[in-house]
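Here is my input, please return the structure:
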Amino acid sequence: MENNSHILVTGATGFIGSYLVRQLLKEGHQSITCLKREGSDTGTIEDIYDQVKWETVDLLESDNLFDIIKDHEYVFHCAAMVSFDPAMRDEMFRANVEGTGNVVNGCIEASVTRLIYVSSVAALGRDPKIKVINEEVEWSESNLNNDYGKSKMLAEMEVWRASAEGLDVVIANPSLVLGVGDWNRSSLQIFTRIYKGIKFYPSGGNGVVDVRDVVDGLVRMGHTDSINQRFILTGANISYGDFFSMIAKGLGVSPPSRPLPEWLGKMAPLLEKIRSLILFRPPIITRSSLRTLNHISKYDNSKSINTLGMKYRSIEDTVSDCAIAYLSGSQDPLSS
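Numbers count the residues shown, from 1 in each chain. Down below sits the predicted model:
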């Protein structure tokens, strides 16, 4: 991937996509096209908006999409919908699976040099019998898997189809991604919720990764000779109890001190559903998400270190950077 390569980024106004575009510009790439939907909020990328070319397109409308893709050599597909609201399930599957299928078809038709797809560790599934998940783990049905994970797994199948048809692909599977952005969206909501005060923490654990490390990994995937493979991107594994306490310390507030009781866990989805109906907001907690939060998920990052040369930031440094930004009221992206 040379500096004069023609690069296309989907989801460029999103959390990971906006950081990726900044990193590509920083590394000297001069021909970057970014996709956005009609009416998309471009606040996350306002400071560099004029440094790239923009195209307004719906990934579900393949004709316009194909016309755009054909002029590019490298495609970073970051666009996705994340929702744990059962009412949004069909829309999420259309966006993640059908949308990815259209991107894949456009890449095949245009014979692009490489497609780099941003998936998720959720696409690897959660098998209670597997203690540490690596890139070789195959999806198995389990009540620990949620609809988001299933949609990303099916989207990956579209990408592997492209590989089978001769396209060079690389898949990134980031864990829980942290950084500075909209504190009321995606994984960043946890800073707002802990700052406002919560008493309980889930009994599970997860992998956590800095968004700057994720985009570093994506750029490396554009350069690597290791194609038609996936790479787990995660900085470290941590329990939610320790993770929440670390955030609370950085924010200067009291940490949640008690594990979520079983009886409260059973009531929480019902109470959350009632709250969502009253406030006309999607539920944050569902039975599926609660099962996931109470499961210990651990991920092996050794392949990304050994093959891509990744060097991950510590969780402590990432949380500290985020907490400082949160307390200052900043949503400005973290510098590399």
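
List the residues that contact the nearest residue to Gly179 once chain neighbours are set aside.
Excluding the flanking residues, the one nearest Gly179 by Cβ to Cβ, 6 or more residues apart in numbering is Val211, at 3.3 Å. Yep, even glycine has a C-beta here, placed from its N, CA and C like the rest. By Cβ atoms under 8 Å, 6 or more residues apart in numbering, the contact list for Val211 reads 15-16, 19, 177-179, 181, 334.

can I assume Val253 is in contact with Ile194?
Yes - contact criterion Cβ atoms under 8 Å: Val253 and Ile194 qualify, at 6.7 Å.

quick one: which of these two has more around it?
Remark: of Val253 and Ile194, Ile194 carries more neighbours, 24 against 15, as counted by other Cβ atoms under 10 Å.

Confirm that one sits in a strand?
No - counting by DSSP: H, G, I helix; E, B strand; the rest coil, Ile194 is not part of a strand but helix.

Who are the contact partners of it?
By Cβ under 8 Å, 6+ apart, the neighbours of Ile194 are 244, 247-248, 251, 253, 255-256.

Quickly note the distance from it to Thr307.
Ile194 is 35 Å from Thr307, where distance means Cβ to Cβ, to the nearest Å.

Val52 now?
Separation of Val52 from Thr307 (Cβ to Cβ): 29 Å.

Which one's more surrounded, those two?
Between Val52 and Thr307, counting by other Cβ under 10 Å, Val52 is the more crowded of the two (19 against 15).

Name the nearest residue to that one, sequence neighbours excluded.
Ile32 (4.4 Å).

follow-up on the earlier one: are any of the contacts of Val211 buried, and if so which?
Buried by 16 or more other Cβ atoms under 10 Å: 15-16, 19, 177-179, 181, 334, out of those.

between those, which is nearest Asp225?
Distance to Asp225 across the buried ones among the contacts of Val211 (Cβ to Cβ) is lowest for Ile16, with 23.7 Å.

which residues touch the closest one?
By Cβ under 8 Å, 6+ apart, the residues touching Ile16 are 78, 118, 174, 177, 211, 214-215, 218.

For my notes, confirm it occurs in a helix.
Yes - with three-state DSSP as the criterion, Ile16 is part of a helix.

and it, what pLDDT?
As predicted, Ile16 sits at a pLDDT of 96.
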